[in-house]
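> Prediction below, plus the sequence it came from.
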Amino acid sequence: MGTMKKESNQAGFLMLESLVAFGMFLVLCTLLLPLLLDYKKELHIQEKRSYYYSLLQNELAKKSPKNQEIKVDDFTIIFRFTNEEGLKKGCMDLSAEGRNERRCLYGYLER
């Protein structure tokens with residue numbers, strides 16, 4: 001039997017390859033983290049908007065809805081009700097974090 005030669009091929013990651021992979025991971029994290037935070041903020045605003053929109057619907061269903069202003073955290077919500085062309089009009093003005101929105105609903109006047 002002859003002597004066996006050892007091959008010098010290494011199968012596996014080198015330290016440099018590991019550092020490059022880790023660097024790419026860090027770059028991805030720094031790009032995705034702000035997007036995730038913006039997404040969570042937008043989701044929070046959407047939840048508040050839906051909640052107060054349902055309150056607007058409930059108030060509009062009443063015989064004589066009342067104008068009101070609600071301040072919660074960074075949100076300011078103003079409900080205004082008017083009569084236009086035989087219909088009740090209820091509008092919600094939402095101000096939050098540099099955003100201003102207005103949504104309106106209509107309902108029949110009770111006689």
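Structure's in. What do you need?
> where along the chain do the helices fall?
Ranges of helices within the chain are 15-61, based on DSSP state H.
> Show me the shaky parts of it.
The chain contains residues with pLDDT under 70 at 1-13, 111.
> what about the closest residue to L55 other than its chain neighbours, how many neighbours?
Of all residues not flanking L55 in the chain, F79 sits nearest, at 7.6 Å (Cβ to Cβ, 6 or more residues apart in numbering). The way it works is simple: take the backbone N, C-alpha and C, and place the C-beta from them, glycine included. Neighbourhood size, F79 [other Cβ atoms under 10 Å]: 19.
> Quick check: the gap between F79 and L32.
In this view, F79 and L32 are 38 Å apart by Cβ to Cβ, to the nearest Å.
> Please apply the same query to N100.
29 Å.
> Residues in a beta bridge with the residue nearest to L55, which ones?
Q68, M92 (DSSP bridges).
> how close does it sit to G86?
Counting by Cβ to Cβ, the gap from F79 to G86 is 21 Å.
> what's the answer for D93, then?
Computed as Cβ to Cβ, the D93 to G86 distance reads 24 Å.
> Also N58?
N58 is 22 Å from G86, by Cβ to Cβ.
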